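In: pasted the sequence and its predicted model underneath.
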Amino acid sequence: MADLPTRALTRGFRLAAVPAGFVGRRALGLGKRLGGRPAEVIAAEVQARTAEQLFSVLGQLKGGAMKGGQWLSAMEAALPEQLAGPYGEALTKLQEAAPAMPARTVHHVLAEQFGHEWRSRFVEFDDEPSAAASIGQVHHAVWGDGRQVAVKVQYPRAGEALAADLRQLDRLVPVLHLAAPGIDAGDLFSELTDRIMTEVDYEQEADAQAAFADAFRDDPDFRVPDVVDVAPQVLVSEWVDGTSVARIARRGTKAERDRAGMLLCRFLLSSPLRAGRLHGDPHPGNFRLLHDGRLAVVDFGSTLAMPEGWSPRLAALLRAGRDRDADRLIEVASAAGLVRRGEVTSEALLHLVEPELEPLRNERFTFTRAWLRGLTARFSDPRSASSRTQRRLHIPVRYLLVQRVAVGTTGVLCLLGASVPLSAEAAAWIPGLDHGEE
């Protein structure tokens, strides 16, 4: 039976081939350049081929490698201009397609999870996958009651493969460092590991999805598909059409991009209050703009329970930074354990967060690639003041997923080039942000 490649050695060689291939192509390019070919032509060929290989390897491995690639796609906007095109195209493909499981493997998993009479649950079942998720693939079907459904079928031994991928992903660090030197890929993958491993549990995902579906039922702005059935390796949900935010970013009108950006912010800011949870995976493939203007949200494998909603301390931090109150900012940051007094001055801390809070100081802020690259550049040089201050911060583990969501969402907004009334949205959903009490 065909399944994921799970032998760590084989998978390691495949991942190792990506940076090795880049180095080889770079050397070949140098030789061609010495032979008289223009440098920019050589560079474009190297970048395109490396992006193609990155997509091919991550897509074949699926699991943690594909998941890491999907999340990194949200940060495409931080890439240098000459790399953004080829890597963006490759990573968008990665979100929406990957080498499919054979139909016989899909049938085997369904029989194992639902019993040998699994077909009796469906009126129709399409053997051709409609999309590839990170640890499974999605099939369109018609449920017994006539509902159109999405059937997410987990790859055999996905948990084993996921663990193997996560141990090998550090081999991609050289490529990612070349693509975006301001991002510490090693730390990024380390932070992702714990959260990604929880995504193998489809029953846990179903519980989270049901909580979101109940919270946003009949909402005029959002659609969260209901869970129809679940087993440890199969999740059946209501089907949603629409255009992925990844495609909207590339081909949508300005109005579509602005609406997608605004709704993305509203969903993520409001869900801790409305659902008591935060969606933890804001890569563009998890959000679709429907024909009626609503935003559909899928894939709830990574969520963070927030039964009390946003912390009042977050409002205090954002308000102090937004209002450029350096003394208050370091007071709240110290109380939260983010800095130790004496290690960081109030002026240095304010200088660090100053540009990041610019969207909260405008009635409407346009997120651009240039703005994000400017932020990234501030931390690229380890000798810079911002880089030195950042290294002195102490981010508690409980804040890491929130930080990941904030960074990922910012990347998506910049991909969209969306103009968003973020200050009003944040004030509406973060209690105490405007004239509140800590």
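Out: Cool, got the structure.
In: give me the domain ranges for the chain.
Out: 8-96+162-197, 103-159+200-238, 312-429 (automatic domain parsing).
In: and Val230, that's in a strand?
Out: Yes: note on Val230: a strand contains this position according to DSSP: H, G, I helix; E, B strand; the rest coil.
In: what pLDDT does it get?
Out: At Val230 the predicted local confidence, pLDDT, stands at 97.
In: what sits against the nearest residue to it once chain neighbours are set aside?
Out: Distances taken as CB to CB, 6 or more residues apart in numbering place Ala206 nearest to Val230, at 4.1 Å, with adjacent residues excluded. Any C-beta I mention is one placed from the backbone N, CA and C, and that applies to glycine too. Residues near Ala206 by CB atoms under 8 Å, 6 or more residues apart in numbering: 227, 230, 235.
In: so which bits of the one helix or strand Ala206 maps to are buried?
Out: Assignment of secondary structure by DSSP states H and E places Ala206 within helix 202-215. Of the residues in helix 202-215, those scored as buried under the neighbour-count criterion (16 or more other CB atoms under 10 Å) are 202, 205-206, 208-213, 215.
In: separation between Glu205 and Val236?
Out: In this structure, Glu205 lies at 12 Å from Val236, with CB to CB, to the nearest Å as the measure.
In: likewise Arg250?
Out: 30 Å.
In: higher neighbour count, the two?
Out: More neighbours surround Val236 than the other of Arg250 and Val236, with 26 against 15 (other CB atoms under 10 Å).
In: checking the more buried one next. Helix, strand or coil?
Out: Judged by three-state DSSP, the three-state class of Val236 is strand.
In: please renumber so the chain begins at 32
Out: Fine by me, first position is 32 from now on; the one you just mentioned is Val267.
In: surely it meets Asp257?
Out: No: because the distance of 9.9 Å does not satisfy CB atoms under 8 Å, Val267 is recorded as not touching Asp257.
In: how about the longest strand seen in the chain: buried residues?
Out: In terms of residue count, the longest strand belonging to the chain (DSSP state E) is strand 153-163. Of the residues in strand 153-163, those buried by neighbour count under the rule 16+ other CB under 10 Å are 153, 156, 160, 162-163.
In: hey, where'd the strands end up in this structure?
Out: 153-163, 167-174, 179-185, 253-254, 258-262, 265-269, 274-275, 308-310, 318-320, 326-328, 334-336, 396-397, 450-451.
In: for the longest one, name the packing helices and strands.
Out: Pointing back at strand 153-163 there. On a contact count with 3 or more CB pairs under 8 Å, 6 or more residues apart in numbering; DSSP states H and E, strand 153-163 meets helix 134-145, strand 167-174.
In: just to revisit the earlier point, weakest of the domains of the chain in terms of mean pLDDT?
Out: The stretch with the lowest mean pLDDT among those is domain 39-127+193-228, which comes in at a mean of 53.
In: Pro338: what's it in contact with?
Out: Counted by CB under 8 Å, 6+ apart, Pro338 has contacts Gly307.
In: re the thing from before, in JSON lines, list the strands of the chain along with distance to Val443.
Out: As requested, the strands of the chain are exported to JSON lines (distance: least, CB to CB, whole Å):
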{"stretch": "strand 153-163", "distance to Val443": "18"}
{"stretch": "strand 167-174", "distance to Val443": "21"}
{"stretch": "strand 179-185", "distance to Val443": "22"}
{"stretch": "strand 253-254", "distance to Val443": "16"}
{"stretch": "strand 258-262", "distance to Val443": "25"}
{"stretch": "strand 265-269", "distance to Val443": "22"}
{"stretch": "strand 274-275", "distance to Val443": "11"}
{"stretch": "strand 308-310", "distance to Val443": "12"}
{"stretch": "strand 318-320", "distance to Val443": "8"}
{"stretch": "strand 326-328", "distance to Val443": "12"}
{"stretch": "strand 334-336", "distance to Val443": "17"}
{"stretch": "strand 396-397", "distance to Val443": "14"}
{"stretch": "strand 450-451", "distance to Val443": "11"}
